[in-house]
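**Q** with the input below, show me the fold.
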Amino acid sequence: MRKEKDEIIELFHSHLVNTEMTVRDGFWDELAQEIPVAYQHRRRMIFLRVAAAASVLLVLAVSSATFWYFSPNQEIEEAFTQIVAANGGTLDGDGVLARPLAQPLKPVLSKPTPKSYGMLKQYTEAEEEESMTVSMSFSFSATIRNESEPRHNREGVWQAKVEGEGEASGVKEETSISQNTKNSDLKKHLWAVKAQVGTTLPADNGTYKMPISVGATVERKLNKYLGVETGIVYSNLRSEGQKLHYLGIPVKMNVTLAETKKWDVYATVGGVADKCIAGAPDNDFKNEPIQLAVTAGVGVRYKINDRLAVFAEPGISHHFKTDSQLATVRTERPTNFNLLCGLRMTY
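**A** Numbering: from 1, shown residues only. As a prediction, the model looks like this:
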């Protein structure tokens, strides 16, 4: 077997030694033209990675600073104060003064006699012990409902509420407190402020650079799933020998798709109106009119705590053509992919 392999190898060596292959005409010129294109693509990929890393670091730095500044210590203190007040205590500086629980009072009943007088009937010793047990249970239930003393009727006979009735009252009170808490939490998260930074893909093999946008928006929740967002966004469009500055007003509708304790997934659709404010030879509305665009995307939000969250919104946008004579990345690539990242704070 080894001998046969050696013969095959020797056969290839004898027939393929000093073998040459001719290439077609113009092959080396085409290869020389493709090398700069590959080099530009590599530089573009490096720039994209650096920009993405810088955006992540910026978002983490801003979110950390805001987290320490806006930590909800006041809300925790208010909630603790309400719990103490509901249980009959008061705040004294940094301490808590709790009102002592009312001691159960034993009814003073005369020793049972064979005869009956008025509303008191004849008791046995077993019935007297049972009566004492019911009275103490009633006193403990009255303390929970913050009643300091049991009530008497006009003849001095004990008035005790049915034990089941007291439990039903406690269940109703707990249900009411839970419902009020949910309503207050919903009201606290109706408004949100977002600080964002974004970019899109370049055009014409890097002739029109990746634009940079920075903005601040306000979101208002209409219900548990729908929200409306608007604000102001600054954009910088760069190309060789040209830098244009735009201000835009976005209007978007956000729809919550999934929500967990830490993560939210939502969809967004809307539009934006941009106006060139600097960089053009003439920035008036005749030469540089307002440019309209439609946007759509999907967002992912991570909640740091009850008020702060970081988000990322990849999406797509389309800018409509205007009468402007200037060429930008929006005219060379009207439909483009974009990415928004930032910090979101609810209140």
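
**Q** where in the stretch 101-250 of the chain is pLDDT low?
**A** By pLDDT under 70, the low-scoring segments of the stretch 101-250 of the chain are 101-188.

**Q** at 80 what do you get?
**A** Scanning the stretch 101-250 of the chain for pLDDT under 80 picks out 101-189.

**Q** can you list the strands that the helix or strand hosting V218 pairs with?
**A** Following DSSP states H and E, one finds V218 within strand 212-221. In the sheet, strand 212-221 lines up against strand 191-200 (antiparallel), strand 226-239 (antiparallel) (DSSP bridges).

**Q** tabulate these (CSV), appending mean neighbour count.
**A** (C-beta placed from N, C-alpha, C; glycine too.) As requested, the strands paired with strand 212-221 are exported to CSV (neighbours: other CB atoms under 10 Å):
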stretch, mean neighbour count
strand 191-200, 19
strand 226-239, 17
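
**Q** can you tell which of the ones you listed is closest to D323?
**A** Closest approach to D323 among these (CB to CB): strand 226-239, 17.1 Å.

**Q** hey, C-alpha coordinates of the closest one in PDB?
**A** C-alpha atoms of strand 226-239 as PDB (Å, rounded to 0.1, in the frame of the first residue of the first chain):
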ATOM      1  CA  LEU A 226     -49.000  52.900  24.000                       C
ATOM      2  CA  GLY A 227     -46.900  56.000  24.300                       C
ATOM      3  CA  VAL A 228     -46.200  59.200  22.300                       C
ATOM      4  CA  GLU A 229     -42.700  60.700  22.000                       C
ATOM      5  CA  THR A 230     -41.400  64.000  20.700                       C
ATOM      6  CA  GLY A 231     -38.500  66.300  21.300                       C
ATOM      7  CA  ILE A 232     -35.500  67.900  19.400                       C
ATOM      8  CA  VAL A 233     -32.600  66.300  17.600                       C
ATOM      9  CA  TYR A 234     -29.400  67.800  16.200                       C
ATOM     10  CA  SER A 235     -27.700  66.100  13.200                       C
ATOM     11  CA  ASN A 236     -24.200  66.700  11.600                       C
ATOM     12  CA  LEU A 237     -23.900  65.600   8.000                       C
ATOM     13  CA  ARG A 238     -20.300  65.400   6.700                       C
ATOM     14  CA  SER A 239     -18.700  64.800   3.400                       C
END
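
**Q** returning to that earlier point: list the buried residues of the strand holding V218.
**A** Using 16 or more other CB atoms under 10 Å as the test for burial, strand 212-221 gives I212, S213, G215, T217, E219, K221.

**Q** and the helices in the stretch 151-300 of the chain?
**A** 163-188 (DSSP state H, counting those that start in this stretch).

**Q** circling back to that earlier point, what's the closest of the buried residues of strand 212-221 to T199?
**A** Nearest to T199 among the buried residues of strand 212-221, with distances taken as CB to CB, is I212, at 5.7 Å.

**Q** what comes into contact with the strand holding V218?
**A** For strand 212-221, the external contacting residues (CB atoms under 8 Å, 6 or more residues apart in numbering) are 189-199, 227-236, 248, 250, 254, 344.

**Q** would you list the buried residues of strand 212-221 in a markdown table and tack on distance to E7?
**A** A markdown table is the format used below for the buried residues of strand 212-221 (distance: CB to CB, whole Å):
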| residue | distance to E7 |
| --- | --- |
| I212 | 68 |
| S213 | 70 |
| G215 | 75 |
| T217 | 77 |
| E219 | 79 |
| K221 | 82 |
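
**Q** farthest pair within those residues?
**A** Pairwise distances across those peak at 29.4 Å for I212 and K221 (criterion: CB to CB).
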